[in-house]
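> I need the structure of the sequence given here:
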Amino acid sequence: MMMYQSTRGAAQVSPMQAVYEGMAPDGGLYVPTHLPQLPYGDWAQGTFVQVAQRILSAWLPGFDAAAVLQGVYEAFDTPQVVPLVQVGPAHVLELFHGPTAAFKDVALCVLPRLLKAAGQQLHPGTRLLVLIATSGDTGSAALHGFSGVEGIRALAFYPSKGISAVQRAQMVTMPGGNVAACGIQGNFDDAQSGVKRIFAAPISADVRLSSANSINIGRLVPQITYYYTAYAQLVRQGTIRAGERVDYAVPTGNFGDILAGWLAKHMGLPVGTLICATNANDALDVFLRTGVYDRRRPLARTLSPSMDILVSSNLERLLWYACDGDSAYVSDLMTQLAREGHYAVSASVRERIAQDFVSVSVSDAQGLMQIQSVYRQHGYAMDPHTAAAWAGREAAQGNRPCVVLSTASPFKFPQAMAQALGFAGIDDTVDAAERLGQALGQPVPVSLSGLGQRPVLHPDVIEAGDMDDYVRRMVDAW
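As a prediction, the model looks like this:
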């Protein structure tokens, strides 16, 4: 049976234990002892649910994947969970048709059910607290996914001044007695560091902790599915023949979405180049070009807040694979990053990573130009994160088809859209999505409509250093 181990060398655990814990006790991330092989074939032409079932069964044996996934994807009210749309010379994979209008929905509708199933089998009767650090979209997707799940509570920490008003409103108005959101005076990296600190010193013996960020392998694996289904759609359309390679341009912050594409490639999907698109917070871009990771710089607040990240956690998994599973090497790099704020990989590791990735950093001004250009030429509105990936297409080598992975509905960032398209009277307010819809002549997603009229249920904002005490109080009141 497949087992999981930490990127930093901790003892092996079962797939269920890896999902339930979220992060290894030594601070590392769980990876499988061998990478499942699923070469592209006729099976990938099935429905999204069928393809997801095949992938989850390969990665997470022991779960009743059929029952879990069937219940999850019945919640999507669209014939295609992730439709592929041709926009001019490229294809955009729309990942924002879920219940909170962001790509995180695809995995965060699955993860709560995986965690519940794992808890019932491994630790029946035990309470589970899921901690989330979010740069915008993960929080609302996770809170929606966990709302009402018995025996589990979910708490999302977000930068109080680092996300859009629409993103904030989605979280602070999220109903469900078992979910909560709390702003912090700090940025995403502060929130993520705080969550990792709490994991390192558990709050209570009576409450177990887990994560809904992509550090949890149960959150990462479902994202592999849409690389296969995008490829299958290209084959059905006659754009490519089965076996031809396709490039993917991915807006990248915490490195989970693009790592899912790398995993798909090494499972047998004909992926060409993975284009890592970042914003002004370009630590990943610099790393992929130089082999040096350096977080020693101020975090810039940009129009693409989900990429406002300087410490990309999932890169640790790629490093583990690139150094052939040398956990001591990875542990040393992560220790150096924590203590000194930077590290440099060996020439061999850098060369192996360069075989699959190229990168680009896209400024706010460049992103706005892309939004404007695509809308004027093709009548297609894309959010600032997707615009960065669109700009990144030029970094690919050769003339292969390119799939641009979207991040979120453009209605989640109305002020940036208005700035790009010249719409007056639309600023960063809760009800701006409706005004953008009027300007575009397009319907606003149900999940973003009327946010200003919903009651604020989670008003708390705290200092980043107070996260531990906040969690303790929450546990004491449970």
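> which of the helices or strands spans residue 132?
Using DSSP states H and E, residue 132 sits within strand 127-133.
> pull the contacting residues for the closest residue to residue 455 other than its chain neighbours.
Computed as C-beta to C-beta, 6 or more residues apart in numbering, the closest residue to residue 455 that is not its neighbour in sequence is residue 173, at 6.5 Å. Bear in mind the C-beta positions are built from the backbone N, C-alpha and C, glycine included. By C-beta atoms under 8 Å, 6 or more residues apart in numbering, residue 173 lies in contact with 451, 454-458.
> are any of those buried, and which?
Among those, those classed as buried by 16 or more other C-beta atoms under 10 Å are 451, 458.
> can you redo the contacts of residue 173 as CSV with distance to residue 269 and pLDDT?
Listed next are these as CSV, based on distance: C-beta to C-beta, whole Å; pLDDT from 0 to 100:
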residue, distance to residue 269, pLDDT
451, 38, 91
454, 40, 95
455, 45, 96
456, 43, 96
457, 41, 96
458, 39, 97
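> hang on, the earlier thing: report the rounded mean pLDDT for the helix or strand following the strand holding residue 132.
Per DSSP H and E, the first helix or strand lying C-terminal to strand 127-133 is helix 137-146. In this model, helix 137-146 carries a mean pLDDT of 93.
> tell me what angle helix 137-146 forms with strand 127-133.
Interaxial angle, helix 137-146 versus strand 127-133 (axes from the mean of the first three to the mean of the last three C-alpha atoms, to 10 degrees): 160 degrees.
> show me what helix 137-146 packs onto, helices and strands only.
The contact analysis (3 or more C-beta pairs under 8 Å, 6 or more residues apart in numbering; DSSP states H and E) places helix 137-146 against helix 104-108, helix 111-122, strand 127-133, strand 152-159, helix 165-172, strand 179-185.
> contact partners of that helix?
Applying C-beta under 8 Å, 6+ apart, the set of residues contacting helix 137-146 from outside is 98-100, 102-105, 108-109, 111-112, 130, 132, 134, 152-154, 156-158, 167, 170-171, 174, 176, 178-181, 212-213, 306, 407-408, 412.
> give me the element residue 241 is part of.
Per DSSP H and E: residue 241 is located in neither a helix nor a strand.
> from residue 52, how far off is the closest residue in space to it that isn't next to it in sequence?
Leaving out its chain neighbours, the residue that sits closest to residue 241 by C-beta to C-beta, 6+ apart is residue 235, at 7.2 Å. The gap separating residue 235 from residue 52 is 18 Å, by C-beta to C-beta, to the nearest Å.
> with residue 248 instead?
Applying C-beta to C-beta, the value for residue 248 to residue 52 is 18 Å.
> I figured residue 356 was touching residue 263, is that so?
No: counting by C-beta atoms under 8 Å, residue 356 does not reach residue 263; the two are 10.8 Å apart.
> which of those two has more neighbours?
Taking other C-beta atoms under 10 Å, residue 356 and residue 263 do not tie; residue 263 has more neighbours (25 against 19).
> what helix or strand is residue 195 on?
Residue-wise, residue 195 maps onto helix 188-200 under DSSP H and E.
> could you say what helices and strands the very next helix or strand once past that helix packs with?
Beyond helix 188-200 on the C-terminal side, the first helix or strand identified by DSSP H and E is strand 207-211. Under the contact definition 3+ C-beta pairs under 8 Å, 6+ apart, strand 207-211 sits against helix 15-21, strand 127-133, helix 188-200.
> please save the CA atoms from the second one in CSV.
By that I understand strand 127-133. The C-alpha trace of strand 127-133 is given here as CSV (Å, rounded to 0.1, in the frame of the first residue of the first chain):
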residue,chain,number,x,y,z
ARG,A,127,-12.7,17.0,17.5
LEU,A,128,-10.7,18.5,14.6
LEU,A,129,-9.8,22.2,14.2
VAL,A,130,-8.8,23.1,10.7
LEU,A,131,-6.6,26.2,10.5
ILE,A,132,-6.3,28.2,7.3
ALA,A,133,-3.9,31.0,6.3
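> averaged pLDDT, that strand. What do you get?
For strand 127-133, mean pLDDT is 93.
> so what strands line up beside it?
Next to strand 127-133 in the sheet, as set by DSSP bridges, lie strand 152-159 (parallel), strand 207-211 (parallel).
> poorly predicted segments of the chain, please.
75-79, 397 (pLDDT under 70).
> pull up the gap between residue 255 and residue 113, please.
Distance from residue 255 to residue 113, by C-beta to C-beta: 25 Å.
> for residue 332, same thing?
Residue 332 sits 37 Å away from residue 113, going by C-beta to C-beta.
> cool, and residue 462?
Residue 462 sits 30 Å away from residue 113, going by C-beta to C-beta.
> same question, residue 326
Distance check for residue 326 against residue 113: by C-beta to C-beta, it reads 35 Å.
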